[in-house]
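S.K.: This is the structure alone, sequence omitted:
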Ligand code: GAR
């Protein structure tokens with residue numbers, strides 16, 4: 001049975017592209033039914049359009065402005081609105097592919113076992129939006145010789161934390177620059193993310 005994916009992205013969307021390509025060539029028995037972006041300039045929306053997949057732009061800004069003195073309430077209201085819209089798309093899996101927004105339990109409790117996240121670091125290392133910068137800084141200051149990539153479930157409000165579905169170590173080479181390391185991490189991500197989504201859809 002073809003699974004229905006909703007993909008959430010904030011930036012370039014190279015991982016969304018890997019998923020779209022895998023759906024198109026049959027590597028993934030799945031269909032991306034909706035892409036959500038939360039940044040107006042997200043190139044991910046153009047990738048969706050090129051693949052004929054609907055996308056919507058859903059920024060947090062208006063929710064923040066509505067309750068400027070209560071950021072938690074703003075996040076919960078945003079999450080409730082987005083959860084309702086995503087539920088309407090009847091997803092089998094919600095895929096955070098470079099999604100720079102932390103869901104509250106208002107969103108997550110509605111989709112148990114259904115939200116997966118990709119993160120460019122090994123479990124427990126470098127959580128947050130700057131994992132590659134953080135690994136590169138640790139390489140430069142302490143000689144860190146590897147980092148990695150992981151795919152995990154998002155059951156609660158932990159940051160880049162949750163039951164690990166897959167992870168892969170990525171060496172930092174002596175002749176690496178920050179850019180060559182990032183490119184190698186993305187290559188690993190594209191393969192690992194697609195393979196892990198496929199395995200999870202088949203076995204859960
Ligand atoms: C990816 O490296 C992903 O692991 C990271 O954002 C990038 C998005 O790239 N996610 C996180 O840092 C989550 N904390 P893309 O837009 O080219 O897919």
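M.R.: Okay, I see it. Worth saying up front: this structure is predicted, and the values here are computed from it rather than measured.

S.K.: so what pLDDT did the residue in the chain that the ligand sits nearest to get?
M.R.: Per CB to the nearest ligand atom, the residue of the chain with the smallest distance to the ligand is residue 98, at 2.5 Å. Where you see a C-beta, it was placed from the backbone N, CA and C, and this is true even at glycine. Model confidence at residue 98, expressed as pLDDT, equals 98.

S.K.: any idea of the mean pLDDT in the lengthiest helix in the chain?
M.R.: What stands out as the longest helix in the chain, according to DSSP state H, is helix 178-203. Helix 178-203 shows an average pLDDT of 98 in the prediction.

S.K.: Buried residues, that helix. List them.
M.R.: Of the residues in helix 178-203, those buried by neighbour count under the rule 16 or more other CB atoms under 10 Å are 181-182, 184-186, 189-190, 192-198, 200-201.

S.K.: Close to the ligand as well: tell me which of those qualify.
M.R.: Of the entries in those, those that also sit close to the ligand under the rule CB under 6 Å from any ligand atom are residue 189.

S.K.: and residue 118, that's in a helix?
M.R.: No: counting by DSSP: H, G, I helix; E, B strand; the rest coil, residue 118 is not part of a helix but strand.

S.K.: ranges for the strands of this protein?
M.R.: 3-9, 30-37, 55-57, 93-96, 115-119, 146-153, 164-171 (DSSP state E).

S.K.: Adding distance to residue 71 as columns, could you present these in a markdown table?
M.R.: Converted to a markdown table, those look like this (distance: least, CB to CB, whole Å):
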| stretch | distance to residue 71 |
| --- | --- |
| strand 3-9 | 20 |
| strand 30-37 | 21 |
| strand 55-57 | 21 |
| strand 93-96 | 20 |
| strand 115-119 | 21 |
| strand 146-153 | 25 |
| strand 164-171 | 29 |
